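Peer 1: model the structure of this input:
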Amino acid sequence: MKKLTALVVCVLFFACSTVQAQDYAFVPAFKNLSFERPLFLTYIPDEPNRLLVVEQAGRVLSFENRADVTGNGVRVVIDIRGDKVLRKGNEEGLLGLAFHPDFTNNRYVYLHYSTKSPRRNIVSRWTLSKDTGKIALDSEHILLEVEQPFSNHNGGHIEFGPDGFLYIALGDGGAGGDPHDNGQNLSTLLGTILRIDVDNPQDGKAYGIPADNPFINTPGSPDARPEIYAYGLRNVWRFSFDPETGTLWAGDVGQVSKEEIDIVTAGGNYGWRPREGFSPYNGGEKTDDMIDPIVDHNRKEAASITGGYVYHGNALPQLKGAYIYGDYVTGIIWRLHYDGKKVTGLEEIGNVPEIASFGVDADGEHYICSLPGKIYKLTPK
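Peer 2: Residues are numbered from 1 along each chain as shown. Below you'll find the model as predicted:
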């Protein structure tokens, strides 16, 4: 078994699985294709054999899920590069995409992107034409705008949960060390995961607030934003729901010493900035309401965590139920088994350069977007 992470409790408190890393391979999935800073991959719900790739500059591309697909088979679904998408900062751009749960009927697609004047994040709804396979540029309906004080820590991932609500990751606003202390401030949307109802607008907004959101009429915090689902997060870079259990997994990028994987629950406070992983940050103290990660990695193993997905494919039955995630800087990919209470297995299973995002196809097989431009696939050796 390869070297385990800094979570030495894996050795001390439980027996790790004996599945070996040599059982897996990460191979180029589409040898004839290359992308410009690919940040996300998914499939079209009513065309399950057609994949989408989000490029950071502002394009969404689609193509058939075939290893031999060529550039001639790539379709530009939308291109909002230039004036609409801000790419001045390394972490700005077109950052997230999600399909409405009833997409086959309403054709709604949601995008999350950075823009300027003022610098801010926008989450908006668009319409994807079934006839043309393209998103109409005049179909944008803006749901949410959040001003950003700095160019980094934009978060960006969006995903519909099993409850039908849209979840949105927003970083702490950027710079370093959370200078505005947004992570512990419930009156800002920064440093959070939000949860909104896109189907039932209310109170003059383009969205509604689910009735069971945790910070509605919060005692002691009258200014708490009702959109917030969880907070105390520095910069969640990809989250996902396990489709079988409903568990919400997130990778939260650290500051100076730790990278963490969290199980996110309603109302959870994940500790930033007093805490970084299991450790205090800059002399911070843990309060009773702060939730520890289930794993933290030291900086020799990880320096910018990339959250992934729980494996439910068929090609690798030994990975069933394992959470697969990685690190952008080191390129290490791990599989993690969690029984709902504790980690029961953790192992390095491979390496891919500059891991920007993971993705899943209609068969539940896993892909990795590598920022230099290639898409890799997790396969049996």
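Peer 1: run a quick check on Gly156 versus His112, I expect a contact.
Peer 2: Yes: assessed by Cβ atoms under 8 Å, Gly156 is found in contact with His112 at 5.3 Å. From N, CA and C alone the C-beta is placed, and that goes for glycine too.
Peer 1: quickly list what Ser240 is bridged to.
Peer 2: Here Ser240 shows beta-bridge partners Trp249, assigned using DSSP bridges.
Peer 1: tell me who's in contact with it.
Peer 2: Glu159, Leu248, Trp249, Gly307, Gly308, Tyr309, Val310 (Cβ atoms under 8 Å, 6 or more residues apart in numbering).
Peer 1: returning to that earlier point: looking at Gly156 and His112, which is more packed in?
Peer 2: Gly156 (30 against 27; other Cβ atoms under 10 Å).
Peer 1: tell me the pLDDT of that one.
Peer 2: Note for Gly156: predicted pLDDT of 97.
Peer 1: just Ser221 next, same as before
Peer 2: Confidence for Ser221, expressed as pLDDT, is 89.
Peer 1: roughly how far apart are the most centrally placed residue in the chain and Tyr325?
Peer 2: A centroid search over the chain (Cα atoms, centre = their mean) returns Arg238, at 1.4 Å, as the residue closest to the centre. As for Arg238, its distance to Tyr325 is 8 Å (criterion: Cβ to Cβ, to the nearest Å).
Peer 1: for these two, list the residues in contact with both.
Peer 2: Here Arg238 and Tyr325 have Gly251, Thr306, Gly307, Gly308, Phe358 as joint contacts, going by Cβ under 8 Å, 6+ apart.
Peer 1: give the next helix or strand downstream of the helix-or-strand element of the chain with minimal mean pLDDT.
Peer 2: Evaluated with mean pLDDT, DSSP states H and E, the helix-and-strand set of the chain has its lowest mean pLDDT in helix 9-12, which scores a mean of 34. Sequence order places strand 24-28 as the next helix or strand after helix 9-12, per DSSP states H and E.
Peer 1: other SSEs contacting that following strand?
Peer 2: When contacts are defined as 3 or more Cβ pairs under 8 Å, 6 or more residues apart in numbering; DSSP states H and E, strand 24-28 sits against strand 343-351, strand 375-380.
Peer 1: neighbouring strands for it, and are they parallel or not?
Peer 2: Listed by DSSP bridges, the sheet partners of strand 24-28 and their directions read strand 375-380 (antiparallel).
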